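Undergrad: Got a predicted structure plus its sequence, pasted below:
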Amino acid sequence: MIEFKDVSTIYDNDESIEILNGVNLHIKDGEFVSIIGPAGAGKSTLLRLLTREISPHRGEVILDGVNLAEVPSKAIPLLRRKIGTVYQDFKLLSAKTAFENVAFAMEVCGADRGEIESDVPKILGIVGLGDKLKSFPHQLSGGEKQRLAIARALIHRPRIILADEPTGNLDLVNSYDVVKLLMKINELGTTVILATHNREVVNAIGKRVISIEKGKIVRDQVENGKYVI
Ligand code: ADP
């Protein structure tokens with residue numbers, strides 16, 4: 001469903017430095033894939049190609065058989081609704097409650113009041129925040145903030161969740177809560193791609209691990225422990 005074919009990227013038209021360099025990758029529907037590598041390895045860059053925040057300098061990124069370079073600009077919002085994103089710094093609206101943070105994501109996509117009133121409490125219940133609807137982000141723990149961000153990412157029922165260092169600001173206990181939630185979402189059928197530098201997080205998941213260093217995939221270990229690269 002997701003395919004990277006010999007993908008290289010540069011920034012600022014500087015062809016002398018390739019951030020990703022000849023990445024080949026295939027991710028099937030419903031997989032849970034962890035991408036691990038040190039800071040600066042190119043993990044975020046890889047995720048940003050999928051939302052077409054950036055485009056490859058060489059090669060192709062293909063989603064559901066469509067080369068993302070060929071998606072017209074006006075269809076990009078639709079593409080992004082297929083993909084929920086979660087970040088290290090949560091990106092919550094501080095003046096809005098948990099309910100309103102999720103509701104806002106629905107409002108901007110034209111949802112009506114009835115849908116919002118019915119869907120938001122349901123999704124907040126799924127992430128374990130059913131009793132925090134009226135709490136503002138500053139009244140939530142780090143783990144709760146991230147679970148709220150995940151609820152917001154789920155509201156359009158995306159087929160893919162991209163989580164970029166989602167446990168980066170969390171302690172161990174909260175990190176495991178977030179990982180468990182991502183695994184539950186995956187078990188319900190959503191493809192999850194998690195980028196992290198944290199080996200403990202990846203080991204706790206026990207699924208496919210792609211190691212990336214200096215813009216190259218150096219190892220791709222599938223679930224049963226068989227190395228494919
Ligand atoms: P990671 O997520 O693994 O930490 P990134 O994909 O964020 O790595 O970054 C990979 C490399 O690309 C780093 O060297 C970083 O400095 C560089 N980079 C990232 N974003 C930009 C940008 N907007 N302009 C120039 N260089 C960038």
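TA: Everything's here; your move.

Undergrad: quick one, longest helix in this structure?
TA: The residue-count maximum for a helix in the chain (DSSP state H) belongs to helix 172-187.

Undergrad: Now the helix or strand following that helix: buried residues?
TA: Counting by DSSP states H and E, the next helix or strand C-terminal to helix 172-187 is strand 191-196. By neighbour count with 16 or more other Cβ atoms under 10 Å, strand 191-196 contains the buried residues 191, 192, 193, 194, 195, 196. C-beta coordinates here come from the backbone N, C-alpha and C atoms, glycine included.

Undergrad: Equivalent analysis for stretch 176-193, please.
TA: Neighbour-count burial for stretch 176-193 [16+ other Cβ under 10 Å]: 176-179, 181-183, 185-186, 190-193.

Undergrad: pLDDT of that stretch, averaged?
TA: Regarding stretch 176-193, the rounded mean pLDDT is 96.

Undergrad: now do stretch 67-84
TA: For stretch 67-84, the per-residue pLDDT averages 94.

Undergrad: First-to-last residue distance for it?
TA: 19 Å (Cα to Cα, to the nearest Å).

Undergrad: tell me what the longest helix of the chain is packed against?
TA: For helix 172-187, the contact count by 3 or more Cβ pairs under 8 Å, 6 or more residues apart in numbering; DSSP states H and E identifies strand 32-36, helix 142-154, strand 160-164, strand 191-196, helix 199-205 as packing neighbours.

Undergrad: what's the angle between the fourth one and helix 172-187?
TA: Using axes from the mean of the first three to the mean of the last three Cα atoms, to 10 degrees, the interaxial angle of strand 191-196 with respect to helix 172-187 works out to 150 degrees.

Undergrad: ok, back up a step: adding distance to residue 121, write the helices and strands packed on helix 172-187 out as CSV.
TA: Formatted as CSV, the helices and strands packed on helix 172-187 follow (distance: least, Cβ to Cβ, whole Å):
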stretch, distance to residue 121
strand 32-36, 27
helix 142-154, 10
strand 160-164, 21
strand 191-196, 24
helix 199-205, 29
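
Undergrad: where among those is the average confidence lowest?
TA: What stands lowest among those, in mean pLDDT terms, is helix 199-205, with a mean of 89.

Undergrad: quick one: is it near the ligand?
TA: No. With Cβ under 6 Å from any ligand atom as the measure, helix 199-205 is seen stopping short of the ligand, the closest distance being 13.8 Å.

Undergrad: after that helix comes which helix or strand?
TA: The first helix or strand that comes after helix 199-205 along the chain, using DSSP H and E, is strand 208-213.

Undergrad: Format the buried residues of strand 191-196 as JSON lines; extra columns: distance to residue 70.
TA: JSON lines is the format used below for the buried residues of strand 191-196 (distance: Cβ to Cβ, whole Å):
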{"residue": "191", "distance to residue 70": "21"}
{"residue": "192", "distance to residue 70": "26"}
{"residue": "193", "distance to residue 70": "22"}
{"residue": "194", "distance to residue 70": "28"}
{"residue": "195", "distance to residue 70": "25"}
{"residue": "196", "distance to residue 70": "31"}
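
Undergrad: Just give me the closest of the residues you listed to the ligand.
TA: Among these, residue 195 lies closest to the ligand (Cβ to the nearest ligand atom), at 6.1 Å.

Undergrad: how far away is the residue nearest to the closest one when sequence neighbours are not counted from residue 188?
TA: In space, and not counting its chain neighbours, residue 195 is closest to residue 43: 3.8 Å by Cβ to Cβ, 6 or more residues apart in numbering. Here the criterion is Cβ to Cβ, to the nearest Å. By it, residue 43 lies 25 Å from residue 188.
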